[in-house]
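*Asks:* Structure for this input, please:
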Amino acid sequence: MTDYVLVHGAWHGSWCWKRVRDRLQSAEHRVFTPSLTGLGERSHLLGREVGLDTHVEDLANLLVWEELRDIVLVGHSYGGIVIRQVADRLPDRMRALVYLDAFVPEDGHCLNDYLPDQGQRFRDQAAASGDGWKVPPPPAAYFAVNAADAAWVDGLCTMQPLSSFAAPVRLSGACDGVANIGYVLATGFPGSPFPQFHAAAAERGWWWADLPCGHDIMVDMPAELTALLLERG
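*Replies:* From the prediction side, this is the model:
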């Protein structure tokens, strides 16, 4: 039995992992799918003080209080930034790291640094529709979510704190010492910012894989993703 910890991306929550979680549990593994503070069923906790540091503490505390070790830690999109910092803080608890169509920032950089517009679109959206400090979710169609699930995803996504996109990461480099690290790229996401991290993964000697779907891989191709996690974890 393996412990899998699956971390969602911006605007999402634990709900997006349902299909993968069910499959992993059916294979007799333990699965944890925390919703980060202010997101998903914890959206009532969203406030100006919530940001990347809060989300890193959410995940680190889960590992400590659930006494989790030898885990497969998976981060989707913005969740890649969260898992990278937690793995840097607690590398001895990691069996494997999987970046799922995710940001993989270097020390001192933030999510906005890896976007063509340096996050200006998010700042504009926050100013227009989020009281200046929270970003409304893009429509599922933007992420190329399959048509059958688009309304479901749209109905469950929630506001994201703007500050979480501008906060720089602080890394010692211990996260890159984990023995098993991989990157999974969604090839059906037009205008994706993630190929840059996929290419860097190959250069680092990490394993890598492509899946022909939109950005929300866990929604679009849960069976294929589960098989990959079971094979590589």
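*Asks:* Now do the helices in the protein.
*Replies:* Secondary structure of the chain by DSSP state H: the helices cover 18-26, 52-65, 79-89, 120-129, 147-156, 163-166, 195-204, 217-220, 222-232.
*Asks:* give me the number of residues near Thr224?
*Replies:* Actually, residue 224 is Glu rather than Thr. The number of residues packed near Glu224 is 15, by other C-beta atoms under 10 Å. (Glycine included, C-beta is placed from N, CA and C.)
*Asks:* Over to the one 3 residues further on?
*Replies:* As a burial measure, Ala227 scores 13 neighbours (other C-beta under 10 Å).
*Asks:* distance of it from Arg23?
*Replies:* From Ala227 across to Arg23, the span is 9 Å (C-beta to C-beta, to the nearest Å).
*Asks:* do Val5 as well
*Replies:* Val5 is 16 Å from Arg23, by C-beta to C-beta.
*Asks:* between the two, which one's more packed in?
*Replies:* Taking other C-beta under 10 Å, Val5 and Arg23 do not tie; Val5 has more neighbours (23 against 18).
*Asks:* who touches the more buried one in this structure?
*Replies:* 31-34, 59, 62-63, 68, 71-74 (C-beta atoms under 8 Å, 6 or more residues apart in numbering).
*Asks:* Now these in JSON lines, please, with extra columns for neighbour count, pLDDT and distance to Phe122.
*Replies:* Converted to JSON lines, those look like this (neighbours: other C-beta atoms under 10 Å; pLDDT from 0 to 100; distance: C-beta to C-beta, whole Å):
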{"residue": "Val31", "neighbour count": "18", "pLDDT": "98", "distance to Phe122": "31"}
{"residue": "Phe32", "neighbour count": "19", "pLDDT": "98", "distance to Phe122": "28"}
{"residue": "Thr33", "neighbour count": "21", "pLDDT": "98", "distance to Phe122": "25"}
{"residue": "Pro34", "neighbour count": "24", "pLDDT": "98", "distance to Phe122": "23"}
{"residue": "Leu59", "neighbour count": "24", "pLDDT": "98", "distance to Phe122": "22"}
{"residue": "Leu62", "neighbour count": "15", "pLDDT": "98", "distance to Phe122": "27"}
{"residue": "Leu63", "neighbour count": "22", "pLDDT": "98", "distance to Phe122": "29"}
{"residue": "Leu68", "neighbour count": "18", "pLDDT": "98", "distance to Phe122": "32"}
{"residue": "Ile71", "neighbour count": "22", "pLDDT": "98", "distance to Phe122": "31"}
{"residue": "Val72", "neighbour count": "23", "pLDDT": "98", "distance to Phe122": "30"}
{"residue": "Leu73", "neighbour count": "30", "pLDDT": "98", "distance to Phe122": "26"}
{"residue": "Val74", "neighbour count": "28", "pLDDT": "98", "distance to Phe122": "24"}
